[in-house]
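In: Starting from these lines, generate the structure:
(one chain, ligands or ions: 1)
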Amino acid sequence: LKLSSERKSASSVSKLPVPPGASFLFGHEKTVFYEQPGRAFRNWIEKCGLTYRIKAAFGAPDIVVLGDPMGIEYLTQKRIYDYHHSRVVRPRVGRFLGRGLGWVEGEDEHKRMKRLINPSLSAETLRTMAPDVRDAASRVLNDMSQVLEANNGAIKNVDVLHWTARAALNVVGRIAFLYDFEGGHGEDAENILHGRRRGVTPMARYTGFIFLMLLRRFPILNDLPIPAIQAQAIARLTIQNGVAREMIRRNKDFVDKHSKDLLSALLIAYSENRISLEELNEQISTFVMAGHEATTLTLGFTLWELAHNQEVQNRLREEIANWPGEPTYDDYVSGLPYLDAVLNETLRKYPGLAYMERVATKEDSIPLKEPITLTDGRVVNSVEVAPGQTILVPIIAIQRLDSVWTDGDTWRPERWLGDRNPTEKMWPGYANLLVFGSNGPRTCIGAKLAIFVYKIVLSGLVTRFRFEGTGEELALGIASSLQPWLKDKTEMGPQIPVHMYAL
Ligand code: HEM
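Out: Predicted structure coming up:
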């Protein structure tokens, strides 16, 4: 008792500014959920500053909303091992991806897994894989060309996620797992992609609010056989019960010790008893899922924006078409500035992980760059938190702040060219965004691969095809990752419709 009251008095959370409008039952969380992703947090940043607290639903303890760049840097780079995934997020990561690198907690275990996987996703390895990435992407692009040819060069209202998912899965299968997903049209690929779709159906979203709130309050619900929760596991189980076993069966006796791909690295570790069969399976599902999903959506959002910005589309096509020969890995990293601007702008406006949520395991003092005025009038430049404190980094809100980006909701790649306003360089992380995390130990390990695959696939798409808008409107939502639904047609599931023409 003594300990807990000491901790309580050390925390300054109850004195943080709090926005108006909390409901008795749902706190601020209902507003967060029903507005477009990030919108509520942006409004509250304008009222309360970069760091404040919100009331949680069902009387759960207040949540600290941390938008301060120094605070985020401190938490994610210096102290990330003291801030764990919450009891809501962690089971969800386990269900969607598996109990692999994204799920593990504890510095030693996490570092051990990272050491095992890092070499397979390094720039050095990716450099050698360029021909395979190109080849695996071409397989899907060729399929698209054929479908267009069969339709006299034009397809109206095509869901581009159908194709970007197949491209991303086909590439990750080939280069990370020596596995042929048959252009994303094989039975395995269909099962994984179909399973994933079921996991993020609008059903999952609309039952989602009450669920999420109840889960926060009663994490034990995670273990009950609730359909919307179980649906999140379908794609992972498809992998673990089929594809992963097949990958292991085919390759375990022929591992090339010099091979740099992820499957070989995992199989070598397994054969040397450094990892268990269970871990092998969990890592495979983690990397098949994480390896294609966010890339699929980022490519999809890009095509949506290009379809609505013909000038950008033409300029991008021109830059790529004018490149002599095939760009190498390094050319893709730094030689095509407009392609890079299109990528950054899409990552800024549509971060796959819209909100990052962590829970303090220790008492801590989080330093802040922007001082805050507490409700007792004191001006401070740190937040004192107690163990168990939930902290939410509103990534999508930060990346769209008008005070930083001027027109935060506008997709405008040009903003990335030339000198940028210094305020745009405030946040730590890739391109001063938080889209891959923020350069700390738990930052996205697949970022280089994702960027490379994105650039190769997008280059192929815009040099072969032209995209136009359909007149539909997108309504973004969150089902663990940022999802595109169609306005007033959410029951149709996530999709990005465009008209597509052969060039
Ligand atoms: C555009 C594509 C991608 C985006 C936006 C993205 C975003 C992120 C973010 C924000 C995190 C940090 C999560 C956190 O700290 O809570 C993360 C972690 C992770 N990502 Fe990615 N990711 C992408 C692509 C990939 C790819 C291609 C792979 C695999 C090849 C991958 C594998 C992972 C893994 C395993 C983690 C967990 C890392 C750890 O906890 O140490 N991601 N990703």
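In: what's the burial count for the closest residue to E370 other than its chain neighbours?
Out: In space, E370 comes closest to L50 once its chain neighbours are excluded; the distance is 5.0 Å by Cβ to Cβ, 6 or more residues apart in numbering. C-beta here means a position set from N, CA and C on the backbone, and glycine is covered the same way. Each residue near L50 was counted by other Cβ atoms under 10 Å, and the total is 23.
In: Looks like L50 contacts D68 (just checking).
Out: Yes: in this structure, L50 sits in contact with D68. The criterion is Cβ atoms under 8 Å, and the distance is 4.5 Å.
In: anything in contact with each of the two?
Out: 368, 370 (Cβ atoms under 8 Å, 6 or more residues apart in numbering).
In: Could you look up the SS state of the residue sitting nearest the centre point of the chain?
Out: Relative to the mean C-alpha position of the chain, the nearest C-alpha, by Cα atoms, centre = their mean, is the one of G352, at 3.2 Å. G352 falls in the coil class when you classify it by DSSP: H, G, I helix; E, B strand; the rest coil.
In: Which residues are in contact with it?
Out: So, once contact is read as Cβ under 8 Å, 6+ apart, G352 ends up touching 293-294, 297-298, 435, 481-482.
In: quick one: which of those residues is nearest to the ligand?
Out: Relative to the ligand, the closest of these is A294; by Cβ to the nearest ligand atom it sits at 3.3 Å.
In: The closest residue to W427 other than its chain neighbours: neighbour count?
Out: With Cβ to Cβ, 6+ apart as the measure, P69 is the residue that lies nearest to W427, at 4.9 Å, once sequence neighbours are left out. With neighbours defined by other Cβ under 10 Å, the count for P69 comes to 21.
In: Would you mark the buried spots in stretch 318-325?
Out: When burial is assessed from 16 or more other Cβ atoms under 10 Å, stretch 318-325 yields the following buried residues: 319-320.
In: cool, and stretch 357-373?
Out: For stretch 357-373, the buried set under the neighbour-count rule, 16+ other Cβ under 10 Å, comprises 357-360, 364, 366, 368, 372.
In: and the longest strand along the chain, what's its mean pLDDT?
Out: What stands out as the longest strand in the chain, according to DSSP state E, is strand 364-373. Per-residue pLDDT over strand 364-373 has a mean of 96.
In: now for the contacts of G352, which pair is the farthest apart?
Out: Farthest apart among the contacts of G352 by Cβ to Cβ are E293 and V435. That separation is 14.1 Å.
In: if I look at L121, how far off is V172?
Out: When distance is defined by Cβ to Cβ, to the nearest Å, L121 is 11 Å away from V172.
In: quick one: which of the two has more around it?
Out: V172 (27 against 22).
In: The chain against the ligand: which residues are in contact?
Out: Taking Cβ under 6 Å from any ligand atom, the part of the chain that reaches the ligand is made up of 101-102, 286-287, 290-291, 294-295, 298, 352-353, 356, 435-437, 442, 444-446, 449-450.
In: want to throw the contacts of G352 into TSV with secondary structure?
Out: Conversion of the contacts of G352 to TSV gives the following (three-state DSSP):
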residue	secondary structure
E293	helix
A294	helix
L297	helix
T298	helix
V435	strand
S481	strand
L482	strand
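In: would you list the residues you listed in CSV and tack on pLDDT?
Out: Supplementary listing: the contacts of G352 in CSV, determined by pLDDT from 0 to 100:
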residue, pLDDT
E293, 93
A294, 95
L297, 97
T298, 98
V435, 96
S481, 88
L482, 93
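In: which of those residues lies closest to T346?
Out: Closest approach to T346 among these (Cβ to Cβ): T298, at 5.8 Å.
In: Return the residues in contact with that closest one.
Out: Residues in contact with T298, defined by Cβ under 8 Å, 6+ apart, are 343, 346-347, 350, 352, 450, 454.
In: Repeat that for L121.
Out: Here L121 is in contact with 262, 445-446, 448-449 (Cβ under 8 Å, 6+ apart).
In: For the ligand, what's its nearest residue on the stretch 101-250 of the chain.
Out: Closest to the ligand within the stretch 101-250 of the chain is G102: 3.6 Å, counting by Cβ to the nearest ligand atom.
In: ok, now the chain?
Out: Per Cβ to the nearest ligand atom, the residue of the chain with the smallest distance to the ligand is G446, at 2.1 Å.
In: Just give me the neighbour total for that residue.
Out: Number of residues near G446 (other Cβ under 10 Å) recorded here: 22.
In: List the residues that contact it.
Out: Contacts for G446 were tallied using Cβ under 8 Å, 6+ apart; they are 121, 287, 290-291.
In: If we use 7 Å, what do you get?
Out: Counting by Cβ atoms under 7 Å, 6 or more residues apart in numbering, G446 touches 121, 290-291.
In: Excluding chain neighbours, what is closest to A244?
Out: For A244, the spatially nearest residue (Cβ to Cβ, 6+ apart) is I284, at 4.1 Å.
In: Please state the mean pLDDT value computed over the helix or strand where T125 lies.
Out: Of the helices and strands defined by DSSP states H and E, T125 is found in helix 123-150. For helix 123-150, the mean per-residue pLDDT is 95.
In: That one packs against which elements?
Out: The elements that helix 123-150 packs onto, with contact taken as 3 or more Cβ pairs under 7 Å, 6 or more residues apart in numbering; DSSP states H and E, are helix 160-177, helix 329-334, helix 447-464, strand 497-502.
In: Same list (those) but as CSV, adding mean pLDDT.
Out: Putting those into CSV (pLDDT from 0 to 100) gives the following:
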stretch, mean pLDDT
helix 160-177, 94
helix 329-334, 95
helix 447-464, 97
strand 497-502, 98
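In: Checking P387 next. Helix, strand or coil?
Out: The assignment at P387 comes out as coil when based on three-state DSSP.
In: Could you do the one 4 residues further on as well?
Out: Recorded secondary structure, I391: strand (three-state DSSP).
In: Skipping its backbone neighbours, what lies nearest it in space?
Out: Counting by Cβ to Cβ, 6+ apart, the nearest residue to I391 once its immediate chain neighbours are dropped is V64, at 4.7 Å.
In: Done for today, thanks.
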